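> here is a sequence together with a model predicted from it:
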Amino acid sequence: MYVRPLTAALVAAVLAPAAAAPIFAPAGAARPQQVTSQVQTPAAGAMTPEEIIAVLRRPENSTGNIADGVEAATGGRGWMSADMKPIGDRKIVGRAWTATLRPVLKGDDRTYPNYQLQILDEAPAGSVLVYVLEGALEIAGMGNLMATAAHVRGLEGTVIDGAVRDVGEIRGIGHQVFARRVSPATSVGRLVSVSRQTPVRCADVMVHPGDYIVGDLDGVVVVPAAAAEKVVALLKDYDARESKMIEIIKQERSMLKALEIYGRY
């Protein structure tokens, strides 16, 4: 009987190692992901991240004005949901480092990577941690121990799409946290990490690693890195007009008079 010779392609296919089996995650969850973010060098003449952060940190650049700037520059929303609240009164400005957590099935005793703590240990000083606790608004994503680590490492702040606990102690530590809830419930044994440094939806807004996060007493705004210079330019214009409008309002005792001249709103 004639046997047809194996082609080179078929031999390669037979000898190739089998693809690795997918990592199991809780029902409905994507398998754990890890993306290494690349820091891009600003183009010639472009603002550096440090320069952008310095502008966003200025007292006159409130999250209100920044939210307006993001919407004007991108056509999309930059402000997080209104229940994202600060536990202190310090303004934060920094670049995002992200991690996502999801509920774990009862009885699942497998070992999962702890991306939540990995980015806490890896994010450079001045960064803002962004934790998304999917389907777990009542679960705390940070307590006093993690806040201590964030503070001694010089991190700018933490934003949690979920809850925070140990509020009194964290205020004493001095690490600024924004969260949608306050709850004593721990995430240990309830949630597992499924991604780090990937785009996330946090409090109804997309956050990409490296985006600029600004938080103050009014809430939290995300400035997409690609639109940051446009937002900065708009903020300069807003500040110039508003400072002049205030004087007119004081003199004329009328906001309509100021709007007739400067048309800010």
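Structure received.
> CA atoms for contacts and neighbours, from now on please.
OK.
> does residue 114 touch residue 192 like I think?
Yes. The criterion here is C-alpha atoms under 8 Å, and residue 114 meets it with residue 192 at 7.3 Å.
> who has more neighbours, those two?
Applying other C-alpha atoms under 10 Å to residue 114 and residue 192 shows that residue 192 carries more neighbours, namely 24 against 15.
> partners of whichever strand or helix holds the more buried one, with directions?
Using DSSP states H and E, residue 192 maps to strand 191-196. Take DSSP bridges as the rule and strand 191-196 pairs in its sheet with strand 33-34 (parallel), strand 92-103 (antiparallel).
> tell me which of the ones you listed sits most buried.
Most buried of the strands paired with strand 191-196 by mean neighbour count (mean count of other C-alpha atoms under 10 Å) is strand 92-103; its value is a mean of 26.
> which strands and helices sit next to the helix or strand just after that strand?
Toward the C-terminus, strand 92-103 is succeeded by helix 115-122 as the next helix or strand (DSSP H and E). Packing partners of helix 115-122 (3 or more C-alpha pairs under 8 Å, 6 or more residues apart in numbering; DSSP states H and E): strand 92-103, strand 128-133, helix 144-152, strand 191-196.
> low-confidence regions, the stretch 1-150 of the chain specifically.
1-45 (pLDDT under 70).
> okay, now the nearest residue to residue 246 once chain neighbours are set aside: neighbour count?
With sequence-adjacent residues excluded and distances taken as C-alpha to C-alpha, 6 or more residues apart in numbering, residue 246 is closest to residue 258, at 7.9 Å. Burial of residue 258 is recorded as 22 neighbouring residues (other C-alpha under 10 Å).
> and residue 258, helix, strand or coil?
helix (DSSP: H, G, I helix; E, B strand; the rest coil).
> thought it was touching residue 250?
No. Look at residue 258 against residue 250 with C-alpha under 8 Å: they stay out of range, at 9.7 Å.
> as JSON lines, the strands paired with strand 191-196 with distance to residue 133 would be great.
Rendered in JSON lines, the data for the strands paired with strand 191-196 read as follows (distance: least, C-alpha to C-alpha, whole Å):
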{"stretch": "strand 33-34", "distance to residue 133": "15"}
{"stretch": "strand 92-103", "distance to residue 133": "5"}
